[in-house]
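[1] build me a model from this:
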Amino acid sequence: MIAHRSVGSGPPLLLINGYAATGADWDPTFLAALAESFEVICPDNRGVGGSEAGEGELTIDAMAADCEALLALEIERSAVVGWSMGGFIAQRLAIRVPERVSTLTLLATDPGGPDSVPAAAEAWSRLTDHSGSARVQATRLISLLFPEPPAAQIDAEFGDLVAAARAALDPKVLRAQEAAMEAWHREGAAPEKRCGRRVYDSRAELRRVHAEGSAFPNHYHRHLCESVVHELANRSVLSAEPRFLGVIQQGEYEWRAAYPSRCGDQHNRR
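    Take a look at the predicted model:
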């Protein structure tokens with residue numbers, strides 16, 4: 001079972017973090033805003049934080065299975081929010097167990113497969129660059145995700161914390177996450193076998209699940225994007241006949257950093 005922590009009270013909300021991040025890495029103001037309306041459950045994806053890497057290949061579907069097992073403990077239905085790679089996991093989770101997902105919110109993510117709009121090669125290279133010290137990696141990551149001038153201020157205030165978190169990560173797990181993301185982008189539209197389950201094109205399957213009407217009776221789907229890693233054009237690809245599709249034009253990373261409380265309020269609106 002993967003490690004997790006919970007904050008707040010109210011109906012459950014599963015908040016899935018992205019590449020190289022743990023459940024403890026969320027902006028505290030953003031988390032506090034969500035916790036005003038929800039019990040926010042923040043898992044550590046396998047191999048990071050308090051979660052062991054476990055046996056077998058680390059895939060998007062395997063991480064979704066971990067979240068499914070977490071929900072199965074005592075949660076009948078939950079709102080699900082996924083950021084970046086966490087958005088991949090959230091989509092897989094909604095396909096695996098749609099009856100357990102009351103709402104789906106996707107932040108700065110994409111649907112995978114040939115329909116998705118990939119990040120620029122330079123951006124991907126910088127994101128997955130393990131060279132240099134942990135502090136050098138932290139500065140490189142912050143400068144990639146945030147524009148100037150906020151990037152310099154964020155680096156000065158939080159760069160050491162990011163570096164400490166980065167130093168605690170197992171490089172093998174990071175490479176496995178990178179391989180999982182590459183597989184998501186390469187194979188997202190092609191059926192394949194993962195963890196004994198059949199995996200399909202996320203966009204088509206989310207539309208099918210929604211159209212059947214048995215799941216997501218109060219469903220809404222939000223895509224708050226864009227970012228240098230996940231292009232804005234993915235919002236139209238991700239649309240699954242949504243009741244509500246919210247788009248943050250300024251960019252999910254910098255907007256959430258500059259206005260964490262307002263970003264949390266976006267999720268609290270029902």
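
[2] mind jotting down where the strands sit in the stretch 51-200 of the chain?
    Assigned by DSSP state E, counting those that start in this stretch, the strands in the stretch 51-200 of the chain fall at 78-83, 101-107, 192-194, 197-199.

[3] hmm, who's touching the first one?
    The contact list for strand 78-83, computed with Cβ atoms under 8 Å, 6 or more residues apart in numbering, reads 11-18, 38, 41, 67, 71, 88-91, 93-94, 100-109, 252, 267. Glycine gets a C-beta too; all of them are placed from N, C-alpha and C.

[4] can you do 6 Å?
    If you take Cβ atoms under 6 Å, 6 or more residues apart in numbering as the criterion, strand 78-83 is touched by 12-16, 18, 71, 89-90, 101-107.

[5] any idea which of these is closest to residue 163?
    Of all these, residue 18 has the smallest distance to residue 163: 17.9 Å, by Cβ to Cβ.

[6] dump the residue contacts of the closest one.
    Counting by Cβ under 6 Å, 6+ apart, the residues that residue 18 touches are 83, 84, 85, 86.

[7] what subset of the contacts of strand 78-83 is buried?
    Taking 16 or more other Cβ atoms under 10 Å as the criterion, what is buried in the contacts of strand 78-83 is 12-16, 18, 71, 89-90, 101-107.

[8] what's the farthest-apart pair in those residues?
    The largest separation in those, counting by Cβ to Cβ, is between 18 and 102 at 21.7 Å.

[9] would residue 6 count as being in a strand?
    Yes. Counting by DSSP: H, G, I helix; E, B strand; the rest coil, residue 6 is located in a strand.

[10] how about low-confidence regions in the stretch 51-200 of the chain?
    188-200 (pLDDT under 70).

[11] please redo it, this time with the cut-off set to 90
    For the stretch 51-200 of the chain, applying pLDDT under 90 flags the ranges 55, 74, 104-120, 144-150, 186-200.

[12] number of residues surrounding residue 126?
    Neighbour count for residue 126, taken as other Cβ atoms under 10 Å: 17.

[13] what about the closest residue to residue 52 other than its chain neighbours, which SS state?
    Nearest residue to residue 52, sequence neighbours excluded (Cβ to Cβ, 6 or more residues apart in numbering): residue 46, at 6.9 Å. Classification of residue 46 using three-state DSSP returns coil.

[14] I figured residue 46 hits residue 57, correct?
    No. Using Cβ atoms under 6 Å as the test, residue 46 is too far from residue 57 to be in contact (10.8 Å).

[15] neighbour count: those two, which is higher?
    Taking other Cβ under 10 Å, residue 46 and residue 57 do not tie; residue 46 has more neighbours (22 against 13).

[16] tell me how far residue 165 lies from residue 82.
    According to Cβ to Cβ, to the nearest Å, residue 165 stands 19 Å off from residue 82.

[17] comparing those two, which residue is more hemmed in?
    A count of neighbours by other Cβ under 10 Å puts residue 82 above the other of residue 165 and residue 82, at 27 against 19.
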